[in-house]
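Student: turn this into a structure:
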Amino acid sequence: MYTHILDRFCSKLLPRINQKITKFTVDPLSMKRILGAVDYSQLYSLSFVNFESEILLQHLTDKSMLHLLTNQITHITVDINSEKTEISNENENENEPNIFEFILLHSTCLNDLTFFQKTSKKYPSILSLNIPYGSSLSLSLIKLKIKINTFGDCLYLLNGCLPSLSTLIIHIKKIDRSTSMINNTKELFKLKYFSLSTNRYTFDYDTQVVPLLRRMLNLEELTLFISVIRTRSAYIDGNQLYDKVLNYMPRLNKFIFSIHTQVSNEYSKKQIDLPSNDDIRNSFTKRGIQSIDVFADDKLIKNTSNCHVYSLPYQFNDFLFMNSSFQGGRFDKVRLLSMDDIRPFEHELFQIISQDFPFLRKLSILNDIPQKNKQYHSSTLITFNHLFELNILCDFVGVNLLSTQYMILKCIYKFKEELSSPDEAVKQFFEQYGQIL
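Tutor: Coordinates of the predicted model:
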């Protein structure tokens, strides 16, 4: 059926509209037929989806495709996910064809590239590219959106190999101290928009991220989504951000952020004075950043405390490391929520979450502290109407998710094992949804 429809599409429809087509999204089954059917004089944008790396490279090296890349295409989107279910070889990524390098070297008109390639739980390594130090990957690229493995990969991209780059939207798997010899002090005059996100904690915000941001003297828009662990200083607040970062960006007119700081003196035992929520809020407002919210611990609990401060309205799809200090808000864009605390998550907190995160798709809960009020009963049913995936390792009781439309319970067996005495609500949950496991 699909082949028949594709044949008619290529032979009947495309010859009539080919001069009006400017964008195409293609997959492995349709790419060769569609792009080889007719000429597309107005085509400037291509999106490649559901490809394996080797298959995509075969298509890109086709003569007609190379002609498009060299002479016509200005916008490209690549989304490759070749994760294997079995245990992967540590060197498997090294054998993957470097689609990123190929596209940049052959797409001489390229202005805008979105590149997501994930193989065996890793993103492509930019540091492994066979490009001489100081050489250019692309003279034309203005905007790049990419997911990478290390902070060193980020430094490489900003080291002159993309001399026209003015917008960089980058997600880093983990920010560690870079072992590369790349200079992290040279000014980045052309960069106007920078977005940095990572879903893991980093110890190297002050030594790696701050020096990078201070190089962006002409930056107009900055987006930060980061979680930081500190052992010798307090939370990141408005004063620190201004003194260490924003003061070096005189042209900055837009700052979107979600910054989570975890303070720990477990090993140093150093006395750390923690500011209050009001102190943190005032540190932003006095710097002209008015629309923010903050939830912070005002004392160490088991040598650890947390602070989450973010701009409003909340602009990110993820909300990470929520703890019991959360008091509520409005988070219509959030699809993934992770919760983690050394204090119990009480029933009331889940009521707040179900109301304030109305479109939540994935929920992860990590907490092995029993609820203090296990006998609490509420007349209001807790519902997550769009929840698709639930990951649980905890000892909470009485959370009713009985209005969920569909769920994948990845950790359901661990959930069962950790609950020594499930209450009737949990039993009812298993009885109603046990058949999908």
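Student: mind checking how far residue 187 is from residue 146?
Tutor: Using C-beta to C-beta, to the nearest Å, we find residue 187 at a distance of 22 Å from residue 146. Glycine gets a C-beta too; all of them are placed from N, C-alpha and C.
Student: name the residue in these two with the higher neighbour count.
Tutor: Taking other C-beta atoms under 10 Å, residue 187 and residue 146 do not tie; residue 146 has more neighbours (22 against 12).
Student: A strand includes the more buried one, no?
Tutor: Yes. Under DSSP: H, G, I helix; E, B strand; the rest coil, residue 146 falls within a strand.
Student: and it, what is it in contact with?
Tutor: Shown in contact with residue 146 (C-beta atoms under 8 Å, 6 or more residues apart in numbering): 100, 113, 114, 115, 116, 157, 169, 170, 171.
Student: and those residues, which is closest to residue 138?
Tutor: residue 113 (8.2 Å; C-beta to C-beta).
Student: so what's that closest one up against?
Tutor: Counting by C-beta under 8 Å, 6+ apart, residue 113 makes contact with 75, 76, 77, 78, 103, 104, 107, 141, 143, 144, 145, 146.
Student: three-state assignment of the spatially closest residue to the fifth one that is not a sequence neighbour?
Tutor: It refers to residue 103. Nearest residue to residue 103 in three dimensions, chain neighbours excluded: residue 76, at 6.1 Å (C-beta to C-beta, 6 or more residues apart in numbering). Three-state call for residue 76 (three-state DSSP): strand.
Student: surely residue 76 is in contact with residue 106?
Tutor: No. Contact between residue 76 and residue 106 fails when scored by C-beta atoms under 8 Å: they sit 10.7 Å apart.
Student: of these two, which one has the most company?
Tutor: Shown here are residue 76 and residue 106; by other C-beta under 10 Å, residue 76 has more neighbours (21 against 16).
Student: ok, that one to residue 56 distance?
Tutor: 11 Å.
Student: find residues that contact each of the two.
Tutor: Common neighbours of residue 76 and residue 56 (C-beta under 8 Å, 6+ apart) are residue 48.
Student: domain parsing for this protein?
Tutor: 1-81+98-183, 317-437 (automatic domain parsing).
Student: low-confidence ranges in the stretch 1-150 of the chain?
Tutor: Applying pLDDT under 70 to the stretch 1-150 of the chain flags residues 1-2, 82-97, 120-121, 127-134.
Student: pull up the gap between residue 313 and residue 332, please.
Tutor: For residue 313, the distance to residue 332 - C-beta to C-beta - is 8 Å.
Student: of the two, who's got more company?
Tutor: Neighbour count, other C-beta under 10 Å: between residue 313 and residue 332, residue 313 has more, with 13 against 10.
Student: what about the helices in the stretch 251-400 of the chain?
Tutor: With helices called from DSSP state H, counting those that start in this stretch, the stretch 251-400 of the chain shows them at 277-285, 347-356.
Student: relative to residue 70, which of those helices is closest?
Tutor: Closest to residue 70 of the helices of the stretch 251-400 of the chain is helix 277-285 (C-beta to C-beta; 48.6 Å).
Student: in TSV, list the helices of the stretch 251-400 of the chain along with mean pLDDT and mean neighbour count.
Tutor: Converted to TSV, those look like this (pLDDT from 0 to 100; neighbours: other C-beta atoms under 10 Å):
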stretch	mean pLDDT	mean neighbour count
helix 277-285	96	18
helix 347-356	89	18
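Student: TSV please, covering these and showing distance to residue 382.
Tutor: Formatted as TSV, these follow (distance: least, C-beta to C-beta, whole Å):
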stretch	distance to residue 382
helix 277-285	26
helix 347-356	5
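Student: now the helix or strand residue 198 falls within: buried residues?
Tutor: Using DSSP states H and E, residue 198 maps to strand 193-202. By 16 or more other C-beta atoms under 10 Å, the buried positions in strand 193-202 come out as 193, 194, 195, 196, 197, 198, 199, 201, 202.
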